[in-house]
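> Let's see this in three dimensions:
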Amino acid sequence: MKIFLYLALFLLVVFTWLVRKKNKQEADAIKKRMGLKALEARYENEIGVIRSKEDIKAFFKQFRLTQYWDAFEPKIRDELRITTVENADTPLGGSRFGGQPDLPKNAPWFKDGNGKSLSFVAQLNLEEIQSFNHTPRLPEKGMVTVGSFCNYW
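Reported below is the predicted structural model:
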């Protein structure tokens with residue numbers, strides 16, 4: 001009987017140790033995320049939000065990185081930031097996230113290798129976003145349709 005008591009006590013100690021270890025790992029991960037957010041906030045307060053090439057150049061200057069500017073500048077690309085709003089009245093062929101894609105009648109939707117339909121993510125009407133296309137890398141007309149699929153285990 002004593003051996004079962006010692007075994008149960010041993011298992012309780014091991015279980016407690018494992019729970020504490022897991023909690024410490026979770027706390028460390030939270031602390032790291034909070035530290036990164038604090039660092040982001042500090043830099044945002046110090047240099048502001050970077051929204052242009054001039055802001056990036058000022059950042060390089062402020063942190064004494066100007067010797068790297070000539071190598072870095074050609075790698076800068078324009079950002080196309082999309083903000084969504086709820087609007088059920090999107091016209092046929094308009095840009096949208098979620099819902100159903102605009103396809104010709106009886107046109108098949110994309111499927112994966114197993115025949116499973118991909119999820120519709122978004123469609124972007126390229127004419128609608130031309131005013132934001134500062135570096136002409138996108139065609140002037142057409143539609144970009146994005147789909148994805150998820151595997152469930």
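
> now stretch 66-75, how far from the chain's geometric center?
26 Å (Cα atoms, centre = their mean, to the nearest Å).

> Can you name the residues in contact with that stretch?
Lys53, Ile56, Lys57, Phe60 (Cβ atoms under 8 Å, 6 or more residues apart in numbering). C-beta coordinates here come from the backbone N, C-alpha and C atoms, glycine included.

> Kindly report the same for stretch 123-133.
By Cβ under 8 Å, 6+ apart, stretch 123-133 touches 78, 80, 93-96, 101-102, 138-146.

> let's see it at 6 Å
Contact with stretch 123-133 is made by 80, 93-96, 101, 138-145, as judged by Cβ atoms under 6 Å, 6 or more residues apart in numbering.

> By residue count, which helix of the chain is the longest?
helix 2-47 (DSSP state H).

> now that helix: mean pLDDT?
Across helix 2-47, the average pLDDT comes to 78.

> Could you list the alpha-carbon positions for the helix or strand just after that helix in PDB?
Scanning forward in sequence from helix 2-47 by DSSP states H and E, the next helix or strand is helix 53-62. Output in PDB follows, covering the C-alpha atoms of helix 53-62 (Å, rounded to 0.1, in the frame of the first residue of the first chain):
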ATOM      1  CA  LYS A  53      10.100  56.400 -49.300                       C
ATOM      2  CA  GLU A  54      11.000  59.700 -47.600                       C
ATOM      3  CA  ASP A  55       9.900  58.300 -44.200                       C
ATOM      4  CA  ILE A  56      12.100  55.200 -44.800                       C
ATOM      5  CA  LYS A  57      15.100  57.400 -45.700                       C
ATOM      6  CA  ALA A  58      14.500  59.500 -42.500                       C
ATOM      7  CA  PHE A  59      14.500  56.300 -40.500                       C
ATOM      8  CA  PHE A  60      17.900  55.300 -42.100                       C
ATOM      9  CA  LYS A  61      19.300  58.700 -41.200                       C
ATOM     10  CA  GLN A  62      17.900  58.700 -37.700                       C
END
